[in-house]
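Enquirer: Coordinates for the following, if possible.
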Amino acid sequence: MASTLTPTVSIVVATIDRLEAVELCLDRLQALLDVAIEAIVVIGPGGDAVAERLAQRSDIAALIRNPDRNLSKSRNMALSVARGEFVAFIDDDAYPTEWWLEDLLGEFEDDEVLAVGGTVYDYTGYTYQMRYGRCNNAGDATPVNASPLIGLSECPSAQTFTYATGGNFIARTQGLLDLGGFDEQFDYYLEEADLCRRILNAGYIVRVLDAGQIFHKFLPSAIRSSARVALDRRSILINRAYFAARHQLPDEGSDITIAAFERFAKRAVHELEAAARAGIATEHHVAKVRQDANDARFMLGAWISDPPAMRPSTLDSGIAAQFDSSSVLHRSSDSISHVAIMSDHAVTSQDPEHALALNLLSQGHIVRIIEPSHGHSTVDVEDGVWRHRISPRLQPQGLAASAVFELERISAEQRVIDLAYVPRGMDESVAMVLGDSVLAMEPLS
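Expert: Below is the predicted model:
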């Protein structure tokens with residue numbers, strides 16, 4: 001799969017001390033179909049072990065070290081060396097469908113479109129984290145799980161605008177360079193909303209599709225706990241104040257800007273107080289968020305007195321990177337089938353269904369095991385195989401109906417299943433969806 005092709009898309013992954021997660025992400029990038037890609041990995045501070053391991057991988061075009069814990073800077077460092085006509089961003093604790101980029105690239109046939117976003121499944125892999133975001137000029141960002149209205153463009157004067165999440169975002173490389181890349185004041189939080197706001201202000205379109213899905217596992221970080229609660233709100237509060245100073249203040253004035261920020265800050269404090277009462281935060285976290293809110297108020301006051309310009313970026317500073325110009329990957333969909341193995345029991349590594357899945361995977365096919373779950377429904381990738389563990393409670397008719405419903409969901413949201421292996425007794429139900437593309441089995445052995 002490695003070649004000397006020129007990449008169509010440079011994919012940027014920023015990571016800090018998440019070796020297992022970033023390797024899974026990179027493995028899944030190799031599974032992307034019909035697009036020539038290069039992977040650029042930016043490793044944050046303290047990532048020596050990660051850098052040592054990733055340096056051994058032949059599928060990485062460039063490894064870059066960022067000494068600062070700053071996501072916008074990491075993305076700009078990668079943008080400065082990207083060779084693709086387009087640059088895409090994905091989080092290190094996420095991975096895409098095989099059709100991620102193919103689904104999104106078609107929108108760039110419209111010359112006005114500078115950036116495109118796709119939808120994001122949450123940590124379950126089954127339900128949505130967000131299909132797109134809505135943000136106002138104060139920086140109050142809201143994830144939206146309704147289907148986006150394709151084809152509507154936003155104007156530079158829109159007070160509330162659509163933005164694509166930074167973990168599922170692709171743009172024209174030169175267009176981002178012309179805009180100065182990400183504003184590095186946003187070390188974390190609102191960096192993609194600010195970029196989309198500036199894209200719209202420049203007269204271009206940000207389009208979000210109900211396609212191009214990624215699976216975001218939402219792993220713990222220096223900011224977020226294992227309960228998926230943001231315990232450290234300092235960057236969130238300061239960057240919300242900065243966003244408002246940049247985008248709200250010029251249009252709405254200081255009184256409205258300060259009042260809107262005060263509401264945001266009070267909500268942040270109240271959320272941490274509630275988390276402490278629930279036992280998922282400590283009084284230390286509460287005291288810190290109160291202090292951070294005060295610091296952000298002070299900074300907002302300073303920015304109101306002296307409105308800030310975009311922080312200078314590292315785009316032109318010269319980036320040191322280990323670069324392998326031959327690491328361009330391209331996987332053709334020719335001769336690849338989309339196969340589902342449906343089971344009436346939870347499949348283990350000792351079961352013949354698992355052996356069949358690995359055999360089909362070794363032949364290059366996309367393979368899914370659809371099996372019952374004793375809890376809520378989840379979707380994961382394990383050993384290269386998609387594992388759909390589906391709650392029979394989804395359908396009142398029980399296990400068979402729930403499995404068929406999942407088959408229909410996959411076909412509707414991603415791609416039609418070409419072939420399904422099903423237990424005897426379930427074959428008639430599946431045949432109603434797939435017709436002749438059903439192989440009943442009695443049972444596998």
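Enquirer: what residue ranges in the stretch 201-350 of the chain are flagged as low confidence?
Expert: By pLDDT under 70, the low-scoring segments of the stretch 201-350 of the chain are 316-318, 320-323, 325-326.
Enquirer: Stretch 27-44: which residues count as buried?
Expert: Buried positions in stretch 27-44, judged by neighbour count with 16 or more other Cβ atoms under 10 Å: 28-29, 31-44. For every residue, glycine as well, the C-beta is placed using N, CA and C.
Enquirer: cool, and stretch 113-126?
Expert: 113-126.
Enquirer: Just name the closest of these to Pro156, please.
Expert: Proximity of the buried residues of stretch 113-126 to Pro156 (Cβ to Cβ) peaks at Leu114, which lies at 12.9 Å.
Enquirer: Partner strands of the strand or helix carrying the closest one and their direction?
Expert: For Leu114, the element it lies in under DSSP states H and E is strand 113-117. Here strand 113-117 has these sheet partners by DSSP bridges: strand 168-172 (antiparallel), strand 205-208 (parallel).
Enquirer: Now distance to Pro308 and mean neighbour count too, for these, in JSON lines please.
Expert: Formatted as JSON lines, the strands paired with strand 113-117 follow (distance: least, Cβ to Cβ, whole Å; neighbours: other Cβ atoms under 10 Å):
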{"stretch": "strand 168-172", "distance to Pro308": "24", "mean neighbour count": "25"}
{"stretch": "strand 205-208", "distance to Pro308": "23", "mean neighbour count": "24"}
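Enquirer: Adding distance to His270 as columns, could you present the ones you listed in TSV?
Expert: Compiled in TSV, the strands paired with strand 113-117 are given as follows (distance: least, Cβ to Cβ, whole Å):
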stretch	distance to His270
strand 168-172	30
strand 205-208	30
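Enquirer: For Leu360, find the nearest of these.
Expert: Nearest of the strands paired with strand 113-117 (Cβ to Cβ): strand 168-172, 27.8 Å.
Enquirer: contacting residues around the next helix-or-strand element following the closest one?
Expert: Moving toward the C-terminus from strand 168-172, the next helix or strand (DSSP H and E) is helix 173-178. Here helix 173-178 makes contact (Cβ atoms under 8 Å, 6 or more residues apart in numbering) with 10, 79, 82, 84-87, 114-115, 195, 199, 204, 315.
Enquirer: Tell me where the stretch 251-400 of the chain has helices.
Expert: Using DSSP state H, counting those that start in this stretch, the helices of the stretch 251-400 of the chain run over 283-305, 352-362, 399-413.
Enquirer: Next one, pLDDT for the closest residue to Asp383 other than its chain neighbours please.
Expert: The spatial neighbour of Asp383 that comes closest, neighbours along the chain excluded (Cβ to Cβ, 6 or more residues apart in numbering), is Leu358 at 6.8 Å. Model confidence at Leu358, given as pLDDT, is 97.
Enquirer: burial of Leu358, as a residue count?
Expert: Neighbours of Leu358 under the rule other Cβ atoms under 10 Å: 13.
Enquirer: The helix or strand harbouring Val422 - contacts with which helices or strands?
Expert: Here Val422, judged by DSSP H and E, is contained in strand 419-423. Where contact means 3 or more Cβ pairs under 8 Å, 6 or more residues apart in numbering; DSSP states H and E, strand 419-423 is packed against strand 338-342, helix 427-434, strand 438-441.
Enquirer: relative to helix 399-413, how tilted is it?
Expert: Here strand 419-423 points in a direction 170 degrees away from that of helix 399-413 (axes from the mean of the first three to the mean of the last three Cα atoms, to 10 degrees).
Enquirer: Can you tell me the strand partners of strand 419-423 and which way each runs?
Expert: Strand 419-423 is paired, per DSSP bridges, with strand 338-342 (parallel), strand 438-441 (parallel).
Enquirer: Just give me the residue closest to the centre of the protein.
Expert: Nearest residue to the geometric centre of the chain (Cα atoms, centre = their mean): Gly167, 3.3 Å.
Enquirer: can I assume it is in contact with Val120?
Expert: Yes. Using Cβ atoms under 8 Å, Gly167 makes contact with Val120 at a distance of 6.5 Å.
Enquirer: farthest pair in the contacts of helix 173-178?
Expert: Greatest spatial distance among these (Cβ to Cβ): Ser10 and Tyr204, at 19.4 Å.
Enquirer: more neighbours, these two?
Expert: Remark: of Ser10 and Tyr204, Ser10 carries more neighbours, 25 against 22, as counted by other Cβ under 10 Å.
Enquirer: hey, what's the more buried one bridged with?
Expert: For Ser10, the beta-bridge partners under DSSP bridges are Glu38, Val87.
Enquirer: do you know how far it is from Asp59?
Expert: 13 Å (Cβ to Cβ, to the nearest Å).
Enquirer: before we move on, what about Val116?
Expert: Separation of Val116 from Asp59 (Cβ to Cβ) stands at 24 Å.
Enquirer: So what's the residue count around Gln174?
Expert: Count around Gln174 with other Cβ under 10 Å applied: 13.
Enquirer: oh sorry, the question was meant for Ala146
Expert: Other residues lying near Ala146 total 9 when counted by other Cβ under 10 Å.
Enquirer: How about the contacts made by it?
Expert: Ala146 sits next to Arg131 when contact means Cβ under 8 Å, 6+ apart.
Enquirer: looking at this, it is in a strand?
Expert: No. The assignment for Ala146, made by DSSP: H, G, I helix; E, B strand; the rest coil, is coil rather than a strand.
Enquirer: I'd like the distance between it and Pro250.
Expert: Look at Ala146 and Pro250: by Cβ to Cβ, they are 30 Å apart.
Enquirer: show me where the stretch 151-300 of the chain has strands.
Expert: Ranges of strands in the stretch 151-300 of the chain, per DSSP state E, counting those that start in this stretch, are 160-163, 168-172, 205-208, 214-216.
Enquirer: Export the ones you listed to TSV and append columns for distance to Asp232.
Expert: Below are these laid out as TSV (distance: least, Cβ to Cβ, whole Å):
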stretch	distance to Asp232
strand 160-163	23
strand 168-172	24
strand 205-208	29
strand 214-216	19
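Enquirer: mind checking which of those strands is nearest Ala296?
Expert: Across the strands of the stretch 151-300 of the chain, Ala296 has its closest neighbour in strand 160-163 (21.4 Å, Cβ to Cβ).
Enquirer: In that closest one, which residues are buried?
Expert: 161-163.
Enquirer: Any idea how far it is from the middle of the chain?
Expert: The chain centroid and the centroid of strand 160-163 are separated by 18 Å, computed with Cα atoms, centre = their mean, to the nearest Å.
Enquirer: Stretch 49-68 now?
Expert: Average the C-alpha atoms of stretch 49-68, do the same for its chain, and the two points are 20 Å apart (Cα atoms, centre = their mean).
Enquirer: Now do the same for that stretch: mean pLDDT, whole number.
Expert: Computed over stretch 49-68, the mean pLDDT rounds to 93.
Enquirer: Just to be sure, Glu52 is in a helix?
Expert: Yes. Using three-state DSSP, the assignment for Glu52 is a helix.
Enquirer: Let me know how buried it is, in neighbour terms.
Expert: Residues near Glu52, counting by other Cβ under 10 Å: 10.
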